[in-house]
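1. sequence and predicted model, in that order:
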Amino acid sequence: SREIHLAERPTGYPDDKTWASVTAEVPAPAAGEFVVEVDHISLDPAMRGWLNDVRSYIPPVKLGAPMRALCTATVIASAHPEFAVGDAVVGTFGVRERAVSDGRGVTKIDLDAASAPTWLGALGMPGMTAYFGLTDIGRAQPGDTVVVSAAAGAVGSVVAQLAKAMGCRVIGIAGGPDKVAWLKEIGVDEAIDYKAENVLKRLRQIAPDGIDVYFDNVGGQILDAALANLRRGARVVICGAISTYNDPTLAEGPRRYMSLLVFRASMTGFVVFDYEDRYPEAVEAIAGMIGDGRMVARETVLEGGVDAFPDALLGLYRGVNTGKLVLKV
Ligand code: NDP
């Protein structure tokens, strides 16, 4: 099996020295194990954080180990009572063609209900993040003004459409005219191109009464622009801060945090894994919306197999994706 291993911890953007392409033997499954053949690999902004040797919500990827990644796969050999040859599954199998698993953290998926890329996107971890971040942390209510950054991405596009379905007014922030056009297509009320417009001023124009929920995927200046435009009692959801992930210097903190005091607002971070017990609730809700046309699940699928992983990962930070970014193996 071809695998991508972590060779060296990067400072700044990962580069050629970060990764090693390795061929590994995959043993036959022992009792209680099975072997999968990976078909799609999820590219996640958080992968950059997993390379840092720091205390986090998950241990760092070990040097010399396969890169951690969520994948969809098919069981090709099994000595496990609950997984049979031919089962389609999703699990953290890593950036490799084949993997042995004991079944922990592995879920069966129905490929008739949705494609493998969708099971990594709107019906996968990003969809869960959108659902619980918006409802549980953001406590979005009908009539709220909801602003979401990286709005054309995996998490953001689900946040935007869930919020619309809940009866919120939705403002999406994304980079470039194509993404802005797509956001309008999927029903957001206003879309801001942060690469071409002054986000702080645009928000002030289109949300003069302020923002009730800001779902932050990017941090940095866009977070500041949102903080400058809160409404009393606003909830700022700290989902991610992709603008800082490859910054080797510690980024400046939010300069407008005193808005939290002025507007009696809260800023709360969360990790989707804490909601694992409730994933079925979110899958049912989002699948229902895809089924009746209220949700568009979109993915950008890259070709090239595991060896294309290093470049595919960098694509996230360049914004090559609309919807969920996945790599086909
Ligand atoms: P996306 O599909 O949104 O892809 C990342 C997008 O970020 C790119 O397409 C790009 O879009 C945008 N982007 C890249 N660099 C910058 C920048 N410097 N400034 C502004 N935008 C930028 O990824 P995900 O949906 O998977 O993840 C979105 C966020 O959610 C990330 O911060 C991630 O870490 C976080 N997350 C958090 C989880 C949690 O449990 N808290 C779980 C899952 C994800 P554009 O072209 O618009 O710039």
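-> Cool, got the structure.
2. ok, for residue 214, nearest residue in space, not its chain neighbours?
-> Spatial nearest neighbour of residue 214, chain neighbours left out: residue 226 (4.1 Å); criterion: C-beta to C-beta, 6 or more residues apart in numbering. C-betas here are computed from N, CA, C, even on glycine.
3. pretty sure residue 215 is touching residue 237, no?
-> Yes - here residue 215 reaches residue 237: they are 4.7 Å apart, a contact under C-beta atoms under 8 Å.
4. one step back: let me see the residues that make contact with the helix or strand hosting the residue nearest to residue 214.
-> If you go by DSSP states H and E, residue 226 is part of helix 220-227. Under the contact criterion C-beta atoms under 8 Å, 6 or more residues apart in numbering, helix 220-227 has outside partners 147, 149, 173, 194, 199-200, 203, 211, 214, 216, 236, 241, 243-244, 251, 254-257, 259-260.
5. the residue nearest to residue 214: neighbour count?
-> 29 (other C-beta atoms under 10 Å).
6. how near is it to the ligand?
-> Counting by C-beta to the nearest ligand atom, to the nearest Å, the separation of residue 226 from the ligand is 12 Å.
7. residue 321 should be in a helix, yeah?
-> No - in this structure, residue 321 is coil, not part of a helix, as judged by DSSP: H, G, I helix; E, B strand; the rest coil.
8. please report phi then psi for the residue nearest to it when sequence neighbours are not counted.
-> Excluding the flanking residues, the one nearest residue 321 by C-beta to C-beta, 6+ apart is residue 300, at 4.1 Å. When quoted as degrees, to the nearest 10, the phi and psi of residue 300 stand at phi -110, psi 110.
9. touching, residue 300 and residue 316? I think so.
-> No - counting by C-beta under 8 Å, residue 300 stays clear of residue 316, with 10.0 Å between them.
10. overlap of the contact sets of these two?
-> In contact with both residue 300 and residue 316: residue 325, using C-beta under 8 Å, 6+ apart.
11. circling back: and the contacts of helix 220-227, which are buried?
-> Among these, the ones that count as buried by 16 or more other C-beta atoms under 10 Å are 147, 149, 173, 194, 199-200, 203, 211, 214, 216, 236, 241, 243-244, 254, 256, 259-260.
12. re the thing from before, more crowded one of residue 215 and residue 237?
-> Applying other C-beta under 10 Å to residue 215 and residue 237 shows that residue 215 carries more neighbours, namely 33 against 27.
13. what pLDDT is listed against residue 35?
-> Reported pLDDT at residue 35 in the predicted model: 98.
14. what's the pLDDT at the residue lying closest to it once chain neighbours are set aside?
-> Nearest residue to residue 35, sequence neighbours excluded (C-beta to C-beta, 6+ apart): residue 77, at 4.3 Å. Listed pLDDT for residue 77 reads 98.
15. residue 77 against residue 27, yeah?
-> No - using C-beta under 8 Å, residue 77 is not in contact with residue 27, being 9.9 Å away.
16. so residue 296 sits right up against residue 186, yeah?
-> Yes - judged on C-beta under 8 Å, residue 296 makes contact with residue 186 at a distance of 5.1 Å.
17. those two - which one has more neighbours?
-> More crowded of residue 296 and residue 186, by other C-beta under 10 Å: residue 186, with 20 against 16.
18. send the alpha carbons of stretch 215-230 over as CSV?
-> Provided in CSV are the C-alpha atoms of stretch 215-230 (Å, rounded to 0.1, in the frame of the first residue of the first chain):
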residue,chain,number,x,y,z
PHE,A,215,-19.8,31.5,12.7
ASP,A,216,-16.0,32.0,12.4
ASN,A,217,-14.0,29.6,10.2
VAL,A,218,-11.1,32.0,9.5
GLY,A,219,-10.1,34.2,12.4
GLY,A,220,-7.8,37.2,11.8
GLN,A,221,-9.2,40.4,10.2
ILE,A,222,-12.5,38.9,9.2
LEU,A,223,-13.1,38.0,12.9
ASP,A,224,-12.3,41.6,13.8
ALA,A,225,-14.7,42.8,11.1
ALA,A,226,-17.5,40.7,12.6
LEU,A,227,-16.7,41.7,16.2
ALA,A,228,-17.1,45.3,15.1
ASN,A,229,-20.6,44.6,14.0
LEU,A,230,-22.3,42.7,16.8
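19. mean confidence for that stretch?
-> Across stretch 215-230, pLDDT averages out at 98.
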